[in-house]
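Enquirer: With the sequence up front, the predicted model follows.
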Amino acid sequence: MAKTLHFSHPVCADHDPGARHPEAGTRLQAIEDALAADAFEGLERREAPPGTPDMLAWAHERSLVDSILAHVPDDGRVAIDADTVMSPASGEAAQRAAGAVAAAVDAVIGGEADNAFCAVRPPGHHAEPRRPMGFCLFNNVVIGAERARRAHGLTRIAVVDFDVHHGNGTQAAFERDGDLFFGSTHQSPLYPGTGAASETGVGNIVNAPLPAGTGSAGFRDAMESRLLPALRAHRPELILISAGFDAHRDDPLANLELLEEDYAWITTELTRLAGESCAGRVVSTLEGGYDLRALGSSVATHVEALMAAG
């Protein structure tokens, strides 16, 4: 059994983009309820530290970081765009979301654990170097990748993203650096409109767009025929997962047909590949997933597979 860490912080649930917004704090409560089961007794829980502005600037222009943090409201809400809204807790929540991934990277590379899951919000994979968007303020996995390189001297980092929406922000940050790999399965056409198979960066980007209605067979075929072979060829020293669970068949924001078993399967495949390539080092962070029941049960299968690795 692998040693798995769980990073979160209460303030991440206090980020409040509005009463009808799908990216709500109740998402984290659904996850915590699911992870309260006896099966997760061995899961070590840690408090997410805040990421510093300098750390956030690893993924974004410093002027953008300063502007976002300066515009966090004292009360009420501030809309960055129609989808991306800040409340008084949003600045600290976003800093702790990024800090969680960085701390998880430190712990896994340092040998304190085999892998980790970060139950944090706001999510990050749509945040581009020059703009927040799509519910996302700062790009948590990009910050995690940079932590591995800057603090630990790793070179070859991979991000695998199985959120139903394409991780345009991660792709934008990685696409000119051949040491960084980004692989994504996602519904297409769908927001944000990126992620065509023809978008390959410098040979380090692998997009596997899936049509609406794709279920287990199509998802697994895309992973097995395209993404996993490319990931193995990259020989990563660390694998980061943008773990979105909104490709589940019950999710209200999209139209793929995945089941909990698919998340268990891909997690097992990724941990197996990590065992071959990078001593099992995997750090996963929450992205999407908006049906609370499906989110909780899907995260539970994901974390169970992380704990079963090795």
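Expert: Received it, and whenever you're ready, just let me know what you need.

Enquirer: From now on I want contacts and neighbour counts done on CA atoms only, so please keep to that.
Expert: Will do.

Enquirer: Who are the packing partners of the lengthiest helix in the chain?
Expert: When the chain is parsed with DSSP state H, its longest helix is helix 90-109. Counting by 3 or more CA pairs under 8 Å, 6 or more residues apart in numbering; DSSP states H and E, the packing neighbours recorded for helix 90-109 are strand 4-8, helix 11-14, strand 115-118, helix 140-152, strand 282-286.

Enquirer: Let me have these in a markdown table, adding distance to H21 as columns.
Expert: What follows is those, written out as a markdown table (distance: least, CA to CA, whole Å):
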| stretch | distance to H21 |
| --- | --- |
| strand 4-8 | 21 |
| helix 11-14 | 13 |
| strand 115-118 | 22 |
| helix 140-152 | 21 |
| strand 282-286 | 17 |
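
Enquirer: In JSON lines, list those along with mean neighbour count, distance to D75 and mean pLDDT.
Expert: Output for these, formatted as JSON lines (neighbours: other CA atoms under 10 Å; distance: least, CA to CA, whole Å; pLDDT from 0 to 100):
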{"stretch": "strand 4-8", "mean neighbour count": "24", "distance to D75": "24", "mean pLDDT": "98"}
{"stretch": "helix 11-14", "mean neighbour count": "21", "distance to D75": "13", "mean pLDDT": "98"}
{"stretch": "strand 115-118", "mean neighbour count": "28", "distance to D75": "27", "mean pLDDT": "98"}
{"stretch": "helix 140-152", "mean neighbour count": "23", "distance to D75": "25", "mean pLDDT": "98"}
{"stretch": "strand 282-286", "mean neighbour count": "29", "distance to D75": "27", "mean pLDDT": "98"}
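
Enquirer: closest one to G193 among these?
Expert: Taking CA to CA, helix 140-152 is the member of those nearest to G193, at 20.2 Å.

Enquirer: From the chain's centroid, how far away is the closest one?
Expert: Distance, stretch centre to chain centre, for helix 140-152: 13 Å (CA atoms, centre = their mean, to the nearest Å).

Enquirer: packing partners for it?
Expert: Under the contact criterion of 3+ CA pairs under 8 Å, 6+ apart, helix 140-152 touches helix 90-109, strand 157-161, helix 168-174, strand 238-243.

Enquirer: and the longest one with strand 4-8, angle?
Expert: For helix 90-109 against strand 4-8, the angle by axes from the mean of the first three to the mean of the last three CA atoms, to 10 degrees is 170 degrees.

Enquirer: Averaged pLDDT, helix 90-109. What do you get?
Expert: Helix 90-109 shows a mean pLDDT of 98.

Enquirer: circling back to that earlier point, how about the helices and strands packed on helix 140-152, which one is nearest L35?
Expert: Counting by CA to CA, L35 lies closest to strand 238-243 out of the helices and strands packed on helix 140-152; the figure is 15.8 Å.

Enquirer: Next secondary structure element downstream of that closest one?
Expert: Downstream of strand 238-243, the next assigned helix or strand under DSSP states H and E is helix 260-277.

Enquirer: Now the terminal residues of stretch 154-162, how far apart.
Expert: From its first residue to its last, stretch 154-162 covers 24 Å (CA to CA, to the nearest Å).

Enquirer: Stretch 191-209 too?
Expert: End-to-end span of stretch 191-209 (CA to CA): 12 Å.

Enquirer: and if you look at stretch 184-200?
Expert: End-to-end span of stretch 184-200 (CA to CA): 11 Å.

Enquirer: Report the buried residues of it.
Expert: Using 16 or more other CA atoms under 10 Å as the test for burial, stretch 184-200 gives 184-191, 194-196, 200.

Enquirer: Closest to A217 out of these?
Expert: Closest approach to A217 among the buried residues of stretch 184-200 (CA to CA): T185, at 13.0 Å.

Enquirer: State the three-state secondary structure for the closest one.
Expert: strand (DSSP: H, G, I helix; E, B strand; the rest coil).
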